[in-house]
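Visitor: requesting a structural model of the entry that follows:
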Amino acid sequence: MLNDLKNQLNEQQLKLHAQVIEQAGLLCVMQIDQEQDFALASPIADMLILAGKQMYNPDLLALIGSVNLPVLLERNTMASIDDWLQAADTVLSHGNQQLGLCESGVRSFTHPEQLGLDLAGLVEVKSRSHLPVIVNTSFSIDPTRLATHANAVKQLNADGIILLKQDGVSQADLIHSLYQT
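Guide: Residues are numbered from 1 along each chain as shown. The predicted model follows:
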């Protein structure tokens, strides 16, 4: 994923990085945080992620709906399920059928500074939509509860999970435990 680099490199350097990624047999995934990112990312990326903060941007939804690239539509931290699915419908209506949804956490009233996974929302969106749902645990989970949440995500039939490397958590043990249940 070239997101951390796109603010530090010029367009030519970014293209060279994408070439190296391709030569290694890997996919180049880039997150779109603003409309300017789209013009840079769409020609070189194999997949786009639309940041949740852009979920309400109709122009950007139309742009990602017009490309022939897989796209993950991240849910805004304050968005309802209806808002999220409406944004997905906007992308689909512009022709891009390679769309997945990404749940990265929502704000709660009890701890507004900390994102929490919306597991009930995961169940609802899986029942209302045909689209795959990936759960990104990177922003919303305390490392001490990662295994519990990862197992819950699996039991609730998410189509995938993003696990960020965290100190004190063995990724191998976590993945092994997911396959055991």
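
Visitor: and the gap between residue 120 and residue 67?
Guide: 32 Å (Cβ to Cβ, to the nearest Å). Where you see a C-beta, it was placed from the backbone N, CA and C, and this is true even at glycine.

Visitor: more neighbours: which of the two?
Guide: It is residue 67, of residue 120 and residue 67, that has more neighbours when counted by other Cβ atoms under 10 Å, with 19 against 10.

Visitor: isn't that one up against residue 97?
Guide: No - contact criterion Cβ atoms under 8 Å: residue 67 and residue 97 do not qualify, at 11.4 Å.

Visitor: which ones are touching residue 62?
Guide: Applying Cβ atoms under 8 Å, 6 or more residues apart in numbering to residue 62 gives the contacts 90, 94.

Visitor: tell me the pLDDT at it?
Guide: On pLDDT, residue 62 comes in at 95.

Visitor: same deal with residue 19?
Guide: pLDDT at residue 19 comes out at 86.

Visitor: ok, and what's touching the one helix or strand residue 36 maps to?
Guide: Following DSSP states H and E, the helix or strand that holds residue 36 is helix 35-41. Helix 35-41 is contacted by residues 6, 11, 14, 30, 31, 32, 48, 57, 59, 60, 63, 64 when judged by Cβ under 8 Å, 6+ apart.

Visitor: these two touch, right, the last one and residue 71?
Guide: Yes - under the criterion of Cβ under 8 Å, residue 64 lies in contact with residue 71, with a separation of 5.0 Å.

Visitor: which one's more surrounded, those two?
Guide: Neighbours were counted for residue 64 and for residue 71 using other Cβ under 10 Å; residue 64 has more, 25 against 22.
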